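A.B. asks: let's see this in three dimensions:
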Amino acid sequence: MIKLAVFLYSMGPGGAERVVSNLLTGLAKEYEVHLILMSDVISYEIPPQVKIHLIENSNPYESGIKKIFRLFFTLPKLALKYKKLCESLSIDRHFVLMNRPCYIALMARIFGLKGRMVISERSCPSIIYGKKISGRANKFLIKLLYNRADLILANANGNARDLVENFGCDEKKVRVLYNAVNLESIKELANEHYESNFIPFFINIGRLDGGKNQAMLIKIISNLDDPRATLGILGKGNLHNELQSLIDKLKLNDGVKLLGAQKNPFKFIKNASCLVCASRFEGFSNVLLEGLACEKFIISTDHQSGARELLGDDEFGVLVGVDDEKGMLEAMKKALDDEKLREKYEKKAYNRIKNFDKTEITRQLIEYLEGNNDR
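C.D. replies: Down below sits the predicted model:
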(Lines give C-alpha, C1' and ligand atoms only; values in the text may rest on other atoms or scores of the structure.)
Protein backbone atom coordinates (compact mmCIF):
# COMPACT_ATOMS: atom_id res chain seq x y z
CA MET A 1 0.00 0.00 0.00
CA ILE A 2 1.25 3.50 -0.85
CA LYS A 3 2.41 5.39 2.24
CA LEU A 4 1.15 8.95 2.78
CA ALA A 5 2.47 11.52 5.25
CA VAL A 6 -0.11 14.12 6.33
CA PHE A 7 1.90 16.86 8.00
CA LEU A 8 0.45 19.83 9.86
CA TYR A 9 1.19 21.74 13.06
CA SER A 10 -1.36 20.08 15.35
CA MET A 11 -4.88 18.68 15.42
CA GLY A 12 -6.09 21.47 17.68
CA PRO A 13 -9.49 23.20 17.35
CA GLY A 14 -8.87 25.06 14.09
CA GLY A 15 -10.18 25.18 10.54
CA ALA A 16 -7.35 23.33 8.78
CA GLU A 17 -7.38 20.70 11.52
CA ARG A 18 -11.11 20.16 11.10
CA VAL A 19 -10.64 19.74 7.35
CA VAL A 20 -7.91 17.15 7.92
CA SER A 21 -10.14 15.27 10.36
CA ASN A 22 -12.81 15.14 7.65
CA LEU A 23 -10.34 13.78 5.09
CA LEU A 24 -8.44 11.18 7.13
CA THR A 25 -11.00 8.37 6.98
CA GLY A 26 -11.21 8.51 3.19
CA LEU A 27 -7.45 8.82 2.77
CA ALA A 28 -6.90 5.82 5.07
CA LYS A 29 -8.91 3.68 2.64
CA GLU A 30 -6.40 4.41 -0.13
CA TYR A 31 -3.12 4.86 1.75
CA GLU A 32 -1.20 3.84 4.81
CA VAL A 33 -1.53 7.21 6.50
CA HIS A 34 1.05 8.67 8.88
CA LEU A 35 -0.09 11.86 10.65
CA ILE A 36 2.95 13.98 11.49
CA LEU A 37 2.54 16.83 13.99
CA MET A 38 4.59 19.53 15.72
CA SER A 39 2.35 19.68 18.82
CA ASP A 40 0.50 16.95 20.71
CA VAL A 41 -2.75 18.98 20.89
CA ILE A 42 -5.47 16.79 19.38
CA SER A 43 -9.09 17.98 19.42
CA TYR A 44 -10.53 15.69 16.76
CA GLU A 45 -11.00 11.97 16.53
CA ILE A 46 -8.28 10.21 14.54
CA PRO A 47 -9.10 6.94 12.72
CA PRO A 48 -7.41 4.07 14.60
CA GLN A 49 -5.46 2.91 11.53
CA VAL A 50 -3.75 6.32 11.21
CA LYS A 51 -0.34 6.36 12.92
CA ILE A 52 0.66 9.58 14.75
CA HIS A 53 4.23 10.92 14.96
CA LEU A 54 5.67 14.06 16.61
CA ILE A 55 8.77 15.79 15.22
CA GLU A 56 8.66 18.21 18.16
CA ASN A 57 6.19 19.22 20.87
CA SER A 58 6.01 22.99 20.82
CA ASN A 59 3.60 25.39 22.47
CA PRO A 60 0.71 26.16 20.07
CA TYR A 61 -0.16 29.35 21.96
CA GLU A 62 3.17 31.18 21.76
CA SER A 63 3.19 34.54 20.00
CA GLY A 64 3.60 34.81 16.24
CA ILE A 65 6.98 36.52 16.45
CA LYS A 66 8.33 33.84 18.82
CA LYS A 67 7.11 31.16 16.43
CA ILE A 68 8.81 32.67 13.42
CA PHE A 69 12.12 33.38 15.20
CA ARG A 70 12.20 29.86 16.63
CA LEU A 71 11.36 28.48 13.21
CA PHE A 72 14.26 30.33 11.57
CA PHE A 73 16.68 28.92 14.14
CA THR A 74 15.29 25.37 14.05
CA LEU A 75 14.09 25.10 10.42
CA PRO A 76 17.11 23.11 9.13
CA LYS A 77 17.03 20.82 12.17
CA LEU A 78 13.29 20.16 11.84
CA ALA A 79 13.63 19.64 8.10
CA LEU A 80 16.29 16.99 8.71
CA LYS A 81 14.08 15.35 11.36
CA TYR A 82 11.14 15.29 8.96
CA LYS A 83 13.35 13.83 6.21
CA LYS A 84 14.76 11.15 8.52
CA LEU A 85 11.30 10.18 9.81
CA CYS A 86 9.77 9.97 6.32
CA GLU A 87 12.70 7.94 5.02
CA SER A 88 12.41 5.53 7.95
CA LEU A 89 8.70 5.11 7.18
CA SER A 90 9.32 4.79 3.41
CA ILE A 91 6.83 7.59 2.69
CA ASP A 92 5.75 7.84 -0.97
CA ARG A 93 3.47 10.91 -0.87
CA HIS A 94 3.37 14.07 1.25
CA PHE A 95 0.30 16.22 1.96
CA VAL A 96 1.40 19.25 3.98
CA LEU A 97 -0.79 21.99 5.45
CA MET A 98 -0.13 25.28 7.29
CA ASN A 99 2.86 27.54 6.84
CA ARG A 100 5.49 26.13 9.20
CA PRO A 101 5.01 22.48 8.19
CA CYS A 102 5.16 23.59 4.54
CA TYR A 103 8.47 25.38 5.11
CA ILE A 104 9.90 22.37 6.94
CA ALA A 105 8.80 19.81 4.35
CA LEU A 106 10.00 21.92 1.43
CA MET A 107 13.41 22.47 3.05
CA ALA A 108 13.56 18.72 3.64
CA ARG A 109 13.10 18.37 -0.10
CA ILE A 110 16.12 20.65 -0.62
CA PHE A 111 18.01 18.23 1.64
CA GLY A 112 17.04 15.36 -0.67
CA LEU A 113 13.69 14.07 0.60
CA LYS A 114 11.93 11.99 -2.07
CA GLY A 115 8.26 11.49 -2.84
CA ARG A 116 5.54 13.58 -4.45
CA MET A 117 4.84 16.65 -2.33
CA VAL A 118 1.49 18.47 -2.33
CA ILE A 119 1.20 21.49 -0.06
CA SER A 120 -1.95 23.35 1.02
CA GLU A 121 -2.02 27.11 1.57
CA ARG A 122 -4.89 27.96 3.95
CA SER A 123 -4.92 31.75 3.69
CA CYS A 124 -4.58 34.80 1.46
CA PRO A 125 -0.93 35.59 2.32
CA SER A 126 -0.98 39.22 1.13
CA ILE A 127 -3.70 39.95 3.70
CA ILE A 128 -2.74 37.60 6.53
CA TYR A 129 0.94 38.57 6.60
CA GLY A 130 1.46 42.28 7.18
CA LYS A 131 4.56 44.44 7.42
CA LYS A 132 5.74 43.29 10.84
CA ILE A 133 8.83 41.11 11.12
CA SER A 134 6.86 37.86 11.32
CA GLY A 135 4.75 38.82 8.29
CA ARG A 136 7.79 39.73 6.19
CA ALA A 137 9.50 36.49 7.22
CA ASN A 138 6.52 34.40 6.12
CA LYS A 139 6.30 36.21 2.79
CA PHE A 140 10.03 35.62 2.22
CA LEU A 141 9.71 31.90 2.96
CA ILE A 142 6.69 31.49 0.67
CA LYS A 143 8.58 33.08 -2.23
CA LEU A 144 11.70 31.06 -1.46
CA LEU A 145 10.16 27.62 -0.96
CA TYR A 146 6.66 27.09 -2.36
CA ASN A 147 7.70 26.45 -5.96
CA ARG A 148 9.69 23.45 -4.75
CA ALA A 149 6.40 21.59 -4.20
CA ASP A 150 4.99 19.39 -6.95
CA LEU A 151 1.58 20.97 -6.42
CA ILE A 152 0.26 23.93 -4.43
CA LEU A 153 -3.37 23.69 -3.34
CA ALA A 154 -5.17 26.88 -2.34
CA ASN A 155 -8.57 26.61 -0.67
CA ALA A 156 -10.12 29.47 -2.67
CA ASN A 157 -9.61 31.03 -6.09
CA GLY A 158 -8.66 34.36 -4.51
CA ASN A 159 -5.90 32.68 -2.51
CA ALA A 160 -4.65 30.90 -5.64
CA ARG A 161 -4.46 34.19 -7.55
CA ASP A 162 -2.61 35.80 -4.65
CA LEU A 163 0.06 33.09 -4.69
CA VAL A 164 0.61 33.46 -8.43
CA GLU A 165 0.40 37.23 -8.75
CA ASN A 166 2.12 38.33 -5.55
CA PHE A 167 4.44 35.48 -4.57
CA GLY A 168 5.70 34.19 -7.91
CA CYS A 169 4.19 30.72 -7.53
CA ASP A 170 4.19 28.77 -10.79
CA GLU A 171 0.65 29.00 -12.19
CA LYS A 172 1.02 25.48 -13.62
CA LYS A 173 1.48 24.12 -10.09
CA VAL A 174 -1.40 25.97 -8.40
CA ARG A 175 -4.86 24.42 -8.03
CA VAL A 176 -7.90 24.96 -5.81
CA LEU A 177 -9.10 22.32 -3.36
CA TYR A 178 -12.00 23.53 -1.24
CA ASN A 179 -12.42 22.73 2.44
CA ALA A 180 -14.24 19.49 3.16
CA VAL A 181 -17.27 19.13 5.44
CA ASN A 182 -18.75 15.97 6.90
CA LEU A 183 -22.40 16.44 5.99
CA GLU A 184 -23.57 13.22 7.62
CA SER A 185 -21.91 14.06 10.93
CA ILE A 186 -23.06 17.69 10.88
CA LYS A 187 -26.66 16.65 10.36
CA GLU A 188 -26.47 14.26 13.31
CA LEU A 189 -24.75 16.76 15.60
CA ALA A 190 -27.06 19.62 14.60
CA ASN A 191 -30.04 17.61 15.82
CA GLU A 192 -28.58 16.92 19.25
CA HIS A 193 -30.60 18.20 22.20
CA TYR A 194 -30.08 21.92 22.82
CA GLU A 195 -30.13 22.31 26.58
CA SER A 196 -29.58 26.06 27.03
CA ASN A 197 -32.35 28.53 27.89
CA PHE A 198 -30.55 31.12 25.75
CA ILE A 199 -31.53 30.65 22.09
CA PRO A 200 -30.02 33.60 20.20
CA PHE A 201 -31.51 34.85 16.96
CA PHE A 202 -28.01 35.51 15.59
CA ILE A 203 -25.02 33.18 16.01
CA ASN A 204 -21.36 33.97 15.36
CA ILE A 205 -18.50 31.50 15.54
CA GLY A 206 -14.79 32.26 15.54
CA ARG A 207 -11.72 33.20 17.54
CA LEU A 208 -12.25 36.24 19.73
CA ASP A 209 -9.82 38.50 17.92
CA GLY A 210 -9.76 41.64 15.82
CA GLY A 211 -9.89 39.76 12.54
CA LYS A 212 -13.29 38.25 13.38
CA ASN A 213 -14.63 41.70 14.37
CA GLN A 214 -17.24 40.54 16.90
CA ALA A 215 -17.17 43.99 18.50
CA MET A 216 -19.02 45.39 15.49
CA LEU A 217 -21.78 42.80 15.91
CA ILE A 218 -22.16 43.63 19.60
CA LYS A 219 -22.53 47.34 18.81
CA ILE A 220 -25.11 46.54 16.14
CA ILE A 221 -27.23 44.57 18.63
CA SER A 222 -27.29 47.61 20.89
CA ASN A 223 -28.55 49.74 17.97
CA LEU A 224 -31.25 47.38 16.72
CA ASP A 225 -33.62 48.21 19.58
CA ASP A 226 -35.52 44.96 19.09
CA PRO A 227 -36.03 42.42 21.89
CA ARG A 228 -35.64 39.61 19.33
CA ALA A 229 -32.12 40.83 18.45
CA THR A 230 -29.98 38.47 20.52
CA LEU A 231 -26.47 37.24 19.72
CA GLY A 232 -24.47 34.21 20.78
CA ILE A 233 -20.73 34.17 20.11
CA LEU A 234 -18.88 30.84 20.14
CA GLY A 235 -15.12 30.85 20.47
CA LYS A 236 -12.12 31.66 22.64
CA GLY A 237 -9.43 34.27 22.17
CA ASN A 238 -7.40 37.14 23.56
CA LEU A 239 -10.25 39.66 23.22
CA HIS A 240 -12.60 37.81 25.58
CA ASN A 241 -12.29 40.33 28.41
CA GLU A 242 -12.49 43.30 26.05
CA LEU A 243 -15.64 41.98 24.38
CA GLN A 244 -17.24 41.18 27.73
CA SER A 245 -16.48 44.73 28.90
CA LEU A 246 -18.19 46.06 25.79
CA ILE A 247 -21.25 43.89 26.50
CA ASP A 248 -21.30 45.17 30.09
CA LYS A 249 -20.89 48.79 29.02
CA LEU A 250 -23.79 48.56 26.55
CA LYS A 251 -25.93 46.70 29.12
CA LEU A 252 -26.46 43.75 26.80
CA ASN A 253 -25.86 40.88 29.22
CA ASP A 254 -29.33 39.44 28.63
CA GLY A 255 -29.09 39.67 24.84
CA VAL A 256 -25.44 38.96 24.00
CA LYS A 257 -23.46 36.09 25.46
CA LEU A 258 -19.93 34.80 24.96
CA LEU A 259 -20.53 31.06 24.90
CA GLY A 260 -16.92 29.87 24.77
CA ALA A 261 -15.56 27.11 22.56
CA GLN A 262 -18.14 24.38 22.04
CA LYS A 263 -17.43 20.79 21.07
CA ASN A 264 -20.64 20.76 19.03
CA PRO A 265 -21.20 24.17 17.42
CA PHE A 266 -23.72 22.76 14.96
CA LYS A 267 -26.64 22.55 17.38
CA PHE A 268 -26.07 26.24 18.15
CA ILE A 269 -26.19 27.09 14.44
CA LYS A 270 -29.27 24.92 13.94
CA ASN A 271 -31.22 26.57 16.76
CA ALA A 272 -30.34 30.14 15.77
CA SER A 273 -32.24 31.93 13.00
CA CYS A 274 -29.25 33.52 11.28
CA LEU A 275 -25.49 32.93 11.11
CA VAL A 276 -23.53 36.20 10.99
CA CYS A 277 -19.88 36.54 10.01
CA ALA A 278 -18.17 39.92 10.43
CA SER A 279 -14.64 38.79 9.52
CA ARG A 280 -12.18 41.23 8.01
CA PHE A 281 -10.37 38.35 6.28
CA GLU A 282 -10.52 34.56 6.05
CA GLY A 283 -8.71 31.80 4.16
CA PHE A 284 -11.92 30.05 3.19
CA SER A 285 -14.44 30.11 5.99
CA ASN A 286 -15.37 26.72 7.45
CA VAL A 287 -18.04 28.50 9.46
CA LEU A 288 -19.85 29.63 6.30
CA LEU A 289 -19.69 26.08 4.97
CA GLU A 290 -21.07 24.76 8.24
CA GLY A 291 -23.85 27.36 8.21
CA LEU A 292 -24.94 26.12 4.79
CA ALA A 293 -24.68 22.52 5.99
CA CYS A 294 -27.11 23.41 8.80
CA GLU A 295 -29.38 24.99 6.16
CA LYS A 296 -29.17 28.38 7.80
CA PHE A 297 -29.62 31.92 6.48
CA ILE A 298 -26.20 33.60 6.38
CA ILE A 299 -25.07 37.22 6.49
CA SER A 300 -21.35 37.67 5.88
CA THR A 301 -18.84 40.36 5.10
CA ASP A 302 -17.46 40.18 1.57
CA HIS A 303 -14.03 39.36 2.97
CA GLN A 304 -11.05 37.95 1.17
CA SER A 305 -11.01 35.22 0.36
CA GLY A 306 -13.89 32.94 -0.47
CA ALA A 307 -17.07 34.58 0.85
CA ARG A 308 -18.35 35.74 -2.54
CA GLU A 309 -16.92 32.62 -4.13
CA LEU A 310 -19.07 30.49 -1.80
CA LEU A 311 -22.21 32.61 -1.46
CA GLY A 312 -22.27 34.19 -4.93
CA ASP A 313 -23.78 37.62 -5.53
CA ASP A 314 -26.25 37.23 -2.65
CA GLU A 315 -27.36 33.92 -4.19
CA PHE A 316 -26.78 31.67 -1.16
CA GLY A 317 -26.32 34.33 1.51
CA VAL A 318 -26.28 38.09 1.96
CA LEU A 319 -22.95 39.92 1.61
CA VAL A 320 -22.03 43.29 3.11
CA GLY A 321 -18.79 45.26 2.97
CA VAL A 322 -15.94 44.61 5.37
CA ASP A 323 -16.25 46.92 8.41
CA ASP A 324 -19.55 48.23 6.99
CA GLU A 325 -21.44 48.58 10.26
CA LYS A 326 -24.42 50.30 8.63
CA GLY A 327 -24.71 47.64 5.92
CA MET A 328 -24.49 44.83 8.47
CA LEU A 329 -27.12 46.52 10.67
CA GLU A 330 -29.53 46.82 7.74
CA ALA A 331 -28.99 43.17 6.75
CA MET A 332 -29.52 41.96 10.33
CA LYS A 333 -32.67 44.10 10.64
CA LYS A 334 -34.01 42.54 7.45
CA ALA A 335 -33.26 39.08 8.82
CA LEU A 336 -35.33 39.89 11.90
CA ASP A 337 -38.27 41.27 9.94
CA ASP A 338 -38.45 39.04 6.84
CA GLU A 339 -39.15 35.40 7.67
CA LYS A 340 -39.81 34.56 4.01
CA LEU A 341 -36.36 35.82 3.06
CA ARG A 342 -34.78 33.54 5.65
CA GLU A 343 -36.80 30.58 4.41
CA LYS A 344 -35.76 31.27 0.82
CA TYR A 345 -32.09 31.02 1.70
CA GLU A 346 -32.58 28.02 3.98
CA LYS A 347 -34.15 26.08 1.10
CA LYS A 348 -31.20 26.82 -1.20
CA ALA A 349 -28.42 26.04 1.27
CA TYR A 350 -28.10 22.28 0.80
CA ASN A 351 -27.80 22.50 -2.98
CA ARG A 352 -24.73 24.67 -2.48
CA ILE A 353 -23.04 22.67 0.25
CA LYS A 354 -23.34 19.16 -1.20
CA ASN A 355 -20.33 19.74 -3.49
CA PHE A 356 -18.15 20.28 -0.42
CA ASP A 357 -18.86 16.92 1.20
CA LYS A 358 -15.75 15.11 2.39
CA THR A 359 -16.25 12.21 -0.03
CA GLU A 360 -16.00 14.48 -3.07
CA ILE A 361 -13.13 16.59 -1.69
CA THR A 362 -11.19 13.44 -0.70
CA ARG A 363 -11.63 12.07 -4.22
CA GLN A 364 -10.21 15.28 -5.68
CA LEU A 365 -7.30 15.28 -3.23
CA ILE A 366 -6.35 11.71 -4.14
CA GLU A 367 -6.30 12.74 -7.81
CA TYR A 368 -3.86 15.53 -6.91
CA LEU A 369 -1.70 13.26 -4.75
CA GLU A 370 -1.39 10.82 -7.60
CA GLY A 371 -0.65 13.53 -10.17
CA ASN A 372 -3.61 12.62 -12.35
CA ASN A 373 -4.61 16.27 -12.84
CA ASP A 374 -1.20 17.78 -13.54
CA ARG A 375 -1.13 20.06 -16.56
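A.B. asks: quick one: low-confidence ranges for the stretch 1-150 of the chain?
C.D. replies: For the stretch 1-150 of the chain, applying pLDDT under 70 flags the ranges 60-66, 68.
A.B. asks: show me where it has helices.
C.D. replies: Residue ranges of the helices in the stretch 1-150 of the chain, as given by DSSP state H, counting those that start in this stretch, are 15-30, 64-89, 99-110, 125-128, 133-145.
A.B. asks: hey, which of those is tucked in deepest?
C.D. replies: Among the helices of the stretch 1-150 of the chain, helix 99-110 has the highest mean neighbour count (mean count of other C-beta atoms under 10 Å), at a mean of 24. Quick note: C-beta positions are derived from backbone N, CA and C, even for glycine.
A.B. asks: can you name every helix or strand that that helix contacts?
C.D. replies: Applying 3 or more C-beta pairs under 8 Å, 6 or more residues apart in numbering; DSSP states H and E, we find helix 99-110 packed against strand 3-7, helix 64-89, strand 93-97, strand 116-121, helix 133-145.
A.B. asks: mind listing what Leu243 touches?
C.D. replies: Leu208, Gln214, Ala215, Ile218, Ile233, Leu258 (C-beta atoms under 8 Å, 6 or more residues apart in numbering).
A.B. asks: with the residues you listed in mind, which one is nearest to Tyr350?
C.D. replies: Within these, distances to Tyr350 taken as C-beta to C-beta reach their minimum at Ile233, with 25.7 Å.
A.B. asks: tally up the residues packed near the closest one, please.
C.D. replies: Ile233 has 24 neighbours, counted by other C-beta atoms under 10 Å.
A.B. asks: can you show me the helices along the stretch 201-350 of the chain?
C.D. replies: 214-224, 240-249, 266-271, 286-293, 307-311, 325-337, 339-353.
A.B. asks: show me what the first one is packed up against.
C.D. replies: So that's helix 214-224. strand 202-205, strand 231-234, helix 240-249, helix 325-337.
A.B. asks: format the helices and strands packed on helix 99-110 as CSV; extra columns: distance to Glu360.
C.D. replies: Output for those, formatted as CSV (distance: least, C-beta to C-beta, whole Å):
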stretch, distance to Glu360
strand 3-7, 19
helix 64-89, 28
strand 93-97, 17
strand 116-121, 17
helix 133-145, 28
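A.B. asks: nearest to Leu239, out of those?
C.D. replies: helix 64-89 (15.7 Å).
A.B. asks: could you pull up the residues touching Asp170?
C.D. replies: With C-beta under 8 Å, 6+ apart, Asp170 has these contacts: Asn147, Ile152, Val164.
A.B. asks: if I look at it, how far off is Leu151?
C.D. replies: Distance from Asp170 to Leu151, counting by C-beta to C-beta, to the nearest Å: 10 Å.
A.B. asks: which of the contacts of Asp170 has the largest number of neighbours?
C.D. replies: The residue in those with the most neighbours, by other C-beta under 10 Å, is Ile152 (26 neighbours).
A.B. asks: that one and Arg175 touch, don't they?
C.D. replies: Yes - counting by C-beta atoms under 8 Å, Ile152 sits close enough to Arg175 to count as a contact (7.3 Å).
A.B. asks: quick one on the thing from earlier: can I get the contacts of Leu243 in JSON lines including pLDDT and distance to Lys132?
C.D. replies: Output for the contacts of Leu243, formatted as JSON lines (pLDDT from 0 to 100; distance: C-beta to C-beta, whole Å):
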{"residue": "Leu208", "pLDDT": "95", "distance to Lys132": "21"}
{"residue": "Gln214", "pLDDT": "98", "distance to Lys132": "23"}
{"residue": "Ala215", "pLDDT": "98", "distance to Lys132": "22"}
{"residue": "Ile218", "pLDDT": "98", "distance to Lys132": "27"}
{"residue": "Ile233", "pLDDT": "98", "distance to Lys132": "27"}
{"residue": "Leu258", "pLDDT": "98", "distance to Lys132": "28"}
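A.B. asks: how far does stretch 316-325 stretch from start to finish?
C.D. replies: Using C-alpha to C-alpha, to the nearest Å, the end-to-end distance of stretch 316-325 comes to 21 Å.
A.B. asks: need the nearest residue in space to Ile247, chain neighbours excluded.
C.D. replies: Leaving aside its sequence neighbours, Ile247 sits nearest to Val256 (C-beta to C-beta, 6 or more residues apart in numbering; 5.1 Å).
A.B. asks: how about Gly321?
C.D. replies: Per C-beta to C-beta, 6+ apart, closest to Gly321 is Gly327, 5.5 Å.
A.B. asks: these two touch, right, the one you found and Val320?
C.D. replies: Yes - using C-beta under 8 Å, Gly327 is in contact with Val320, at 3.8 Å.
A.B. asks: neighbour count: those two, which is higher?
C.D. replies: Val320 (23 against 17).
A.B. asks: farthest from the middle of this structure: give me that residue.
C.D. replies: Asp225 (33.3 Å; C-alpha atoms, centre = their mean).
A.B. asks: could you measure from it over to Leu329?
C.D. replies: For Asp225 relative to Leu329 (C-beta to C-beta), the value is 11 Å.
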